[in-house]
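# Here is a sequence with its predicted model. Questions after.
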Amino acid sequence: MGLEDDAREYHRQEPSGKIEISTTKPTNTQRDLSLAYSPGVAAPCLDIEADPERVFEYTAKGNLVGVVSNGSAVLGLGDIGPAASKPVMEGKGVLFKRFADIDVFDVELDLTDVDAFVETVAAMEPTFGGINLEDIGAPACFAIERRLSDRMDIPVFHDDQHGTAIISGAALLNAAEVVDKDLEDLEIVFSGAGASAIATARFYVSLGARKENITMCDSSGILTEERAEAGDLNEFKREFARDIEGGDLADAMEGADVLAGLSVGGIVSPEMVRSMADNPIIFAMANPDPEITYEEAKNAREDTVIMATGRSDYPNQVNNVLGFPFLFRGALDVRATEINEEMKRAAAEALAELARQDVPDAVVKAYGDEPLQFGPEYVIPKPVDPRVLFEIAPAVAEAAMDSGAARTDVDAEQYRERLEARLGKSREMMRVVLNKAKSDPKRVALAEGTDEKMIRAAYQIAEQGIAEPVLLGDADEIHRVAQRLGLSFEPEIVDPSERSLESYADRLHELRKRKGITRTEAGELVRRDTNYLGSVMVERGDADALLTGLTHHYPSALRPPLQVVGSAEDADHVAGVYLLTFKNRVVFCADTTVNQNPDEEVLAEVTKHTAELARRFNVEPRAAMLSYSNFGSVDDAGTRPPRKAVELLHEDPEVDFPVDGEMQADTAVVEDILEDTYDFAELEEPANVLVFPNLESGNIGYKLLQRLGGAEAIGPMLVGMDAPVHVLQRGDEVKDIVNLAGVAVVDAQE
């Protein structure tokens, strides 16, 4: 089957289409239904009648956008009508939800008359928090957007006009920097003079380009004043008519710095590219086929050619999904009355700035592990970059507040945290820890300091103020990697080849001389193995915490800190804990990495350590000792240790959290089972600390929850150590290192 057949099957699978409505409140009982509808719903209705602004408090209006079209200019399909446009509008709704957690009703109108269209959409204002106009042909789209914006007190945005303008505008800001040209001096040629081209040209002027430097071409050639006077141009094209000689696109491109293509595929030749100025910028944005292919444009000349298209299979994709979800997110969250020029500029500038930052590993992996670094091949972020939400939306919200378009204000830092929470519970949980870490940063040694991920993590840790990173390894190599990555920072480095490590060797020998390590071997270990070096630094107090394990097997990475740092005074055992986050709950899983067959004393100690960890995340622990037995239903060698561990914990005066077991996993996490079948259990709510009976079940259990249950995992976090040490898993991403650094700092603070 080809792509078209795959798409047909994708859409027709039950349930048909791509969207559905789901409830956000309980509807399980008669009382739930009486609150949701009659008679309880009368109360919020009357409150809204008395104060219309309370509609945002009581309903989904504040997070609901209407995607409205008449199907008169759909994608590259043209005027296919409202019904045929519905798959596209549903797809738009999917993108709103996927990238910015905005709900959508798609509305397809069988209307071509501008007056009727405007009256119909304007009447929908009580329903929506914003209107996204989509796939409406020019010139009607200009009048429709202008009139609706004037009449409606909510944002109205025609994405076909402004989306491409904003994204390509961000690319233009960065491209001009890469080729070292000033925006106001750029000679810009437009291939195409439709709604998108005109809106994009206007936006480039808003960013700083000069209108007199813009030459626009339609299918008949250059827009000139002579053509305007002859009545050959409509009112919108006349805006960009120039007092120059006529000609075709080839004439216009000669000597130009920038080509912005918003027309049709294949109309630009390599010869036309060669006629442009030095280091040209070419945005060939016609879909699905660009005005000139990436390969043709690149091969046409030997100097730098910055090339962008609308395609995902080439660098610098100009994709509107980088704009509209986040523009509306910021606008909705401050209850903006419009999306104005200041908000659009803020979005473009924030996008441009984001492209200059280090790229997360998850984004790199999504694009085939190809290097992504600011430069000719990367002047705009990728659509799957999760940072776009909490970089662009705050910039838009702030611009709305500054420009007077906002009806409510938001605190910038708190707003960013709310946005991060929309991307998943793990971000919300980590924000708690990272904020604690930033309040009193500590020195964190990074054992594998020459590794690219460690260096990138060190940059982010320092940039965000989470910790003071100390990279262990060859200083020259670290500086080379940092320079190659474009990371402008001066990290603290402990280079074993440059530093005197005699005192560390002496200390390691003192600690391990009765374990078979000679003084000579101790000297070799601290110089050759940064795991031992970092461990001794932490033990001596020269670093507050240690991260290691990125390039080692877990047992070999754990061995040096266990030998040197050891367990805490009040601990005989350490354990590995994963925090798993779901949409509406979190669970801590222990032990997942260290103790193979723990007895009751080990299980009890692990439970206490894990409960302490939960409280560092502001989670009050409720612990369950897991088994295949429920409260004595099976009595054998496997069920006795968790059962006896509960007895030990109940006898311990220091245990101030509920704990019970042994119990099966579903008993621990399903409220109805606890309440109905085992109402005697000490847990009044489902457990959030799950203690597995052995390492095998713990490792299997957390991985199944992560992969099949859709949980996000943070960890593994070591508990019970005498100083903060965390062992990464091989292949962890930079964000995992940053997160564990935050956990380590909070450990050190406490």
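Nice, I can see it.
# May I have the phi/psi pair for Ile222?
phi -70, psi 140 (degrees, to the nearest 10).
# end to end, how far does stretch 566-576 reach?
Distance between the two ends of stretch 566-576: 14 Å, counting by Cα to Cα, to the nearest Å.
# Give the buried residues for that stretch.
566-567, 571, 573-576 (16 or more other Cβ atoms under 10 Å). All C-beta atoms are positioned from the backbone trio N, CA, C, and that covers glycine.
# can you check stretch 403-420 too?
Buried, per 16+ other Cβ under 10 Å, within stretch 403-420: 405-406, 410, 415-420.
# from the residues you listed, which ones fall inside helices?
415-420 (DSSP state H).
# Contacts only, for Lys551.
Residue 551: Thr, not Lys. By Cβ atoms under 8 Å, 6 or more residues apart in numbering, the contact list for Thr551 reads 448, 451, 730.
# my guess is it is in a strand, correct?
No: under DSSP: H, G, I helix; E, B strand; the rest coil, Thr551 sits outside any strand and is assigned coil.
# List the backbone torsions phi and psi for it.
phi -120, psi 20.
# Please apply the same query to Thr667.
phi -60, psi -40.
# With adjacent residues omitted, what lies nearest to it?
Ile673 (5.0 Å; Cβ to Cβ, 6 or more residues apart in numbering).
# same question, Asn320
Using Cβ to Cβ, 6+ apart, the closest residue to Asn320 is Gly163 (3.5 Å).
# What about Ser500, how many residues nearby?
7 (other Cβ atoms under 10 Å).
# Assign it to helix, strand or coil.
Quick answer, by three-state DSSP: Ser500 is coil.
# Distance of the residue most central in space within the chain relative to Glu733?
The chain has Pro386 as the residue nearest its centroid, 1.6 Å off, counting by Cα atoms, centre = their mean. Distance from Pro386 to Glu733, counting by Cβ to Cβ, to the nearest Å: 12 Å.
# same deal with Asn595?
Distance from Asn595 to Glu733, by Cβ to Cβ: 27 Å.
# for Gly137, same thing?
45 Å.
# next one: Val481
17 Å.
# can you check Asp652 too?
Counting by Cβ to Cβ - Asp652 and Glu733 are separated by 38 Å.
# Between those two, which is the more surrounded one?
Set Asp652 next to Glu733 and count neighbours by other Cβ under 10 Å: Glu733 wins out with 17 against 14.
# so what's the backbone phi/psi at that one?
Dihedral angles (degrees, to the nearest 10) for Glu733: phi -90, psi 170.
# hang on, it packs against Val364?
No: here Glu733 does not reach Val364: they are 9.2 Å apart, not a contact under Cβ atoms under 8 Å.
# quick one: low-confidence parts of this protein?
1, 368-369 (pLDDT under 70).
# Domain-wise, how is it divided?
The record's domain parsing of the chain by automatic domain parsing lists 3-154, 162-403, 433-549, 575-720.
# looking at those domains, which is closest to Ala748?
Of all the domains of the chain, it is domain 433-549 that lies closest to Ala748, at 4.0 Å by Cβ to Cβ.
# For that closest one, measure first residue to last.
21 Å.
# How far away from the center of its chain is that domain?
29 Å (Cα atoms, centre = their mean, to the nearest Å).
# Stretch 192-207 now?
The answer for stretch 192-207 is 29 Å, by Cα atoms, centre = their mean.
# For Phe680, see how far away Leu207 is.
Distance from Leu207 to Phe680, by Cβ to Cβ: 68 Å.
# Could you double-check that Ile166 sits in contact with Ala346?
No: using Cβ under 8 Å, Ile166 makes no contact with Ala346, being 9.8 Å away.
# Could you check stretch 331-343 and say which residues are buried?
Neighbour count says stretch 331-343 has 331-340, 342-343 buried, by 16+ other Cβ under 10 Å.
# Stretch 76-94 now?
82, 85-93.
# now swap in stretch 584-591 and tell me
586-591.
# if we can go back for a sec, out of Leu207 and Phe680, which sits in the more crowded spot?
The neighbour comparison of Leu207 against Phe680 (other Cβ under 10 Å) goes to Leu207, with 20 against 8.
# Could you say which helix or strand holds the closest residue to that one other than its chain neighbours?
Using Cβ to Cβ, 6+ apart and skipping residues adjacent in sequence, the residue nearest Leu207 is Gly169, 5.4 Å away. Using DSSP states H and E, Gly169 maps to helix 159-178.
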